[in-house]
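Student: Give me the fold of what follows.
(chains A and B)
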Protein chains: 2
Amino acid sequence: MRHRRDDLRWNGWGRLEQAFETKGKDEAVWAFVANALGTARLPSTPAPSLEDTTLPASRADAAFVERLAQVTNASRVTTSARERAFHAYGRSYYDLLRLRSGALDHAPDVVVYPESESEVTAVLALAEEARFAVVPFGGGSSVVGGVEASGGPAHAGVLTIDTTRMTRVLDVDGVSRTATIEAGIYGPALEEALSQRGFVLGHFPQSFEHSTLGGWIAARGAGQLSNRYGTVEKLLVAATVATPRGLLTTSAFPASAAGPNLNQIVCGSEGTVGVITKATVKLHPLPEARKIFAFLFKSFDEGVTAVRALVQEEAGAAMMRLSDGEETRFFGSFRHVIEPSRVSEFAEGALGLVGYDQKCVLMVCVEGDAEEVAHKVKRIRGIARSRGGLYVGEGPGKSWWKRRFEMPYLRDPMLDHGVGVDTLETATEWSNVPRLYDAVRLAIRSTLEAEGRRVIVMAHISHSYLDGCSLYFTFIFLRDTAREIAQWKAVKHAASQAIVSHGGTISHHHGVGADHAPYLETEKGALGLDVLAHVRKALDPKGTMNPGKLLGPRS
Amino acid sequence: MRHRRDDLRWNGWGRLEQAFETKGKDEAVWAFVANALGTARLPSTPAPSLEDTTLPASRADAAFVERLAQVTNASRVTTSARERAFHAYGRSYYDLLRLRSGALDHAPDVVVYPESESEVTAVLALAEEARFAVVPFGGGSSVVGGVEASGGPAHAGVLTIDTTRMTRVLDVDGVSRTATIEAGIYGPALEEALSQRGFVLGHFPQSFEHSTLGGWIAARGAGQLSNRYGTVEKLLVAATVATPRGLLTTSAFPASAAGPNLNQIVCGSEGTVGVITKATVKLHPLPEARKIFAFLFKSFDEGVTAVRALVQEEAGAAMMRLSDGEETRFFGSFRHVIEPSRVSEFAEGALGLVGYDQKCVLMVCVEGDAEEVAHKVKRIRGIARSRGGLYVGEGPGKSWWKRRFEMPYLRDPMLDHGVGVDTLETATEWSNVPRLYDAVRLAIRSTLEAEGRRVIVMAHISHSYLDGCSLYFTFIFLRDTAREIAQWKAVKHAASQAIVSHGGTISHHHGVGADHAPYLETEKGALGLDVLAHVRKALDPKGTMNPGKLLGPRS
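Tutor: Modelled structure (predicted):
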């Protein structure tokens, strides 16, 4: 899969040629959504074209563009409207609202595509000299305002460094099972290169097809199979960051007591200290076997207890994904609209009779050596059964697996139909899961319902640990087109406040960016934030890198 | 086990009432060691008593002592010679040389035992006001100069904060399987408290009996069962550090993408940013079963390949400990001196006949759920056999297990007999193990042999990871009593230089302290060190905390 910028949506998700597959059931789908939101008909709210969208004038003058071309290449420095619009924002709901507004209030003044570490360094030097802020940009899939092309008040302009021309696999060490790869590589290209050598990295965020290695590290992300392959902080072995003060290169050690681990400063740095140019990551052999199967639980609480038992008893799943009742019901019905089935209708009825009418589905994936997979599947089925889990076979998991990177494609047509959809996520210790789950749902529901609108609030657990788990919320609502940004800000604030005041982290895997920065102090403390500000000062003393992200306006 | 300071050696390891058990074979033991070092008889080099040892005069005047007593308690502020001598150094070979020299060039001017976070904060404030450097001290088992009572040139004195009165278990969360515990608690007390609740932390460094939770975190340590329970960086969930700028408290999240993880800045901070007062750590249930068993390999290379296969195939050992040929032989013979056995003599002969004359022993421990232990043992035996491992049963492992915290007690009598013994350790990626192993052994050997002395250089792997492992070296030599410190410095420098110039970290689990600080820049880079210096500045702007450690004189 190549990622030519011209093949991608500048104001939505992914590839122009790809859309959410409704199998010809478009009309039924929108009738279903309208009904779920308690309205008779959804409005038509299409996005304006690029031609109908105004951009602020570029502040990059010809001389500056010329100098950037001299240290890179004229074909890799651009001020075109499409490139500027493509790089103006990430791909959050808030970003899409702004990209569809007809007038972008932010856009980079110039976009540069370096092809090497030394080109990045040269571009940084020119940007500093010109007092331009620099925004590092990989796949641009941030949903927290992490790549928003905004500078600080002292900046003369904004330069976005697009890293996606830096894609070489520099080294694969089959003995140590590590690979060193340039950070601009997209997920599919990375896994393709590794699979040719018999390995897998195993980092599969939902954004996998449209995000890059460097972005995963910068945002401290987590993939769907994190139980097996680890979140980014665990799979990262070493990194190089081009900072305004030069290259910061961490060493590749399996473990070290030589002071704090600088990888853990790079991981989650969100472009605020420099551009991640390459990284060494841990590999696994391509799995010999994969099993994906599902259980039903009578309540979310029961499902949570089962997931906790499975992870604490180290049953060895690669993924455990537990949907709450609302999510199980909504996506079950949604799928039924697209693929109606008498059999599943009958099964639903039967489940209701045996007490699974409020059912929650848990999907489990196990990967690896075939014999071990068989052993683990057996053990997982035993533990799940002992916790009230009803085994329902491989169907639901397989159907989810096939479409696991496709959900973001549903957002654009939702937006075309006056519907708002956003997600947010957190993590907490097991003992705090019920309290946090209730608080966040209540915050979302009460904010949107106060406007007299019906809202669908769904949640799932997709990452679990010995001591706790993530909680991921999706909410769907009728957009208030007269004040859609204010509507979003209200619900975002209420949910974020609920998270940080009920023992959750402001993000388990999306990151902080601009959107979560106001809530960071509650969890890090003023002194903790000052530590991060000092780290930043060491590497970016002039505040050139990605201003306003992570540490907020104070940076 | 209580740790009254009066019951402990001030100039050696552990408890006064305990010594290395030779089962009445003292004479044979020393004859064996003399023979191994190529000399006829070992000299007698006993340590001077405290009465025969001079200390620098205390610079803590009565008024300062009085003020410290006011914010703590008069019984917990001391300037006694024994307390000052006990806290003068850690317990490295270099420290012991100095503690046995008859004249201490360093000692804290005053020692304070706070009993709460607020007392620590109050003591820090008084120390800053008096321009005293502050050295945090737990068990004092550092072997890298991490608790050396030295100040910087601008300091008016040195105050040591002994944390071992802060030992309360504040919370045990059985659902999240975490415990929050004051950081001054010693290993045995901590595990005893947890075991009463059915849990184990599982951090068992060799210093376990004489080190504390806070020390483990500060030094970024690793325990013998780290394959199961994790190194400190993995088992740490949250921490509170009393810094000169106030309390830094990290939040207890199972994972978070909210910027860099501040726990990873606390872990490995070595007292240079503050005093760790409490921590939240991950627990496991007390293991239902434990199996410990051993294999022999025909060469170290073959053993390394087997350990790598076992960890990369995720066989699930709690510990894998592979000794090289020299270590297998030396400790085998040493044990034979203490516990002679016809059977083992015969077995040795038989092994020689089947090609195991250069044998390396691998000890494996598996812990947990009984059924899972059985499954793992079977799998481990299969993988080890396929890599040339000869199963030799439970004997060697059980005998090691029984004495696994006892080895440091052997050092003091060695020192009494003119023998030097030191250890150092590193970690590297699997593909670099042979090169690093050879380089470090050569550096130690060639430095000491250049003096015309025989040296025994032994090594083992005790911690393994998907991408690499630790390498732990022990070397035993005849002390050059005329210049014993110069002799140590020469070999330490040669070995450290070999480590950092051959792709090893300067420490896998001992830490940096004063001794490794000169070698840190090679692995972190000047910019990396500057990041750490900025972190320090954020939390300890006046450079009060543990000067000279971690960052070296620049701090």
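Student: what comes up buried for the helix or strand of chain A with the lowest mean pLDDT?
Tutor: When each helix and strand of chain A is scored by mean pLDDT, DSSP states H and E, helix A:342-353 comes last, with a mean of 71. For helix A:342-353, burial by neighbour count (16 or more other CB atoms under 10 Å in any protein chain shown) applies to A:348, A:351. Just so you know, the C-beta spots here come from the backbone N, C-alpha and C atoms, and that holds for glycine as well.
Student: What of stretch A:419-431?
Tutor: Within stretch A:419-431, judged by 16+ other CB under 10 Å, the buried ones are A:419-431.
Student: for the residues you listed, which one is nearest residue B:275?
Tutor: For the buried residues of stretch A:419-431, the closest approach to residue B:275 (CB to CB) belongs to residue A:429, at 25.2 Å.
Student: Hmm, residue A:467 and the closest one touching each other?
Tutor: Yes: using CB atoms under 8 Å, residue A:429 is in contact with residue A:467, at 5.6 Å.
Student: Quickly list what's touching both of the two.
Tutor: B:176, B:178, B:252, B:254 (CB atoms under 8 Å, 6 or more residues apart in numbering or on different chains).
Student: can you give me the helices for the stretch 351-500 of chain A?
Tutor: A:370-386, A:395-402, A:408-416, A:433-449, A:484-501 (DSSP state H, counting those that start in this stretch).
Student: Compare the mean pLDDT across those helices and name the weakest.
Tutor: Among these, helix A:395-402 has the lowest mean pLDDT, at a mean of 88.
Student: Report all helices and strands that that one contacts.
Tutor: strand A:289-297, strand A:360-368 (3 or more CB pairs under 8 Å, 6 or more residues apart in numbering or on different chains; DSSP states H and E).
Student: who does the last one pair up with?
Tutor: It refers to strand A:360-368. strand A:289-297 (antiparallel), strand A:319-323 (antiparallel) (DSSP bridges).
Student: quick one: average confidence on it?
Tutor: Strand A:360-368 comes out at a mean pLDDT of 97.
Student: Kindly report the same for the first one.
Tutor: The predicted model gives strand A:289-297 an average pLDDT of 97.
Student: rewinding a little: now the shared contacts of residue A:429 and residue A:467 in TSV, with neighbour count, pLDDT and secondary structure?
Tutor: Output for the shared contacts of residue A:429 and residue A:467, formatted as TSV (neighbours: other CB atoms under 10 Å in any protein chain shown; pLDDT from 0 to 100; DSSP: H, G, I helix; E, B strand; the rest coil):
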residue	neighbour count	pLDDT	secondary structure
B:176	26	98	coil
B:178	27	98	strand
B:252	24	93	coil
B:254	23	97	coil
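Student: farthest pair in the residues you listed?
Tutor: It's B:178 and B:254 that sit farthest apart of the shared contacts of residue A:429 and residue A:467, by CB to CB, at 9.3 Å.
Student: Now the common contact residues for the two.
Tutor: A:429, A:467, B:237.
Student: Now intersect these with the strands, please.
Tutor: A:429, B:237 (DSSP state E).
Student: what about residue A:136, neighbour count?
Tutor: 29 (other CB atoms under 10 Å in any protein chain shown).
Student: which other helices and strands contact the host helix or strand of it?
Tutor: Assessed by DSSP states H and E, residue A:136 sits inside strand A:132-137. For strand A:132-137, the packing partners by 3+ CB pairs under 8 Å, 6+ apart come out as helix A:117-129, strand A:157-162, strand A:275-282.
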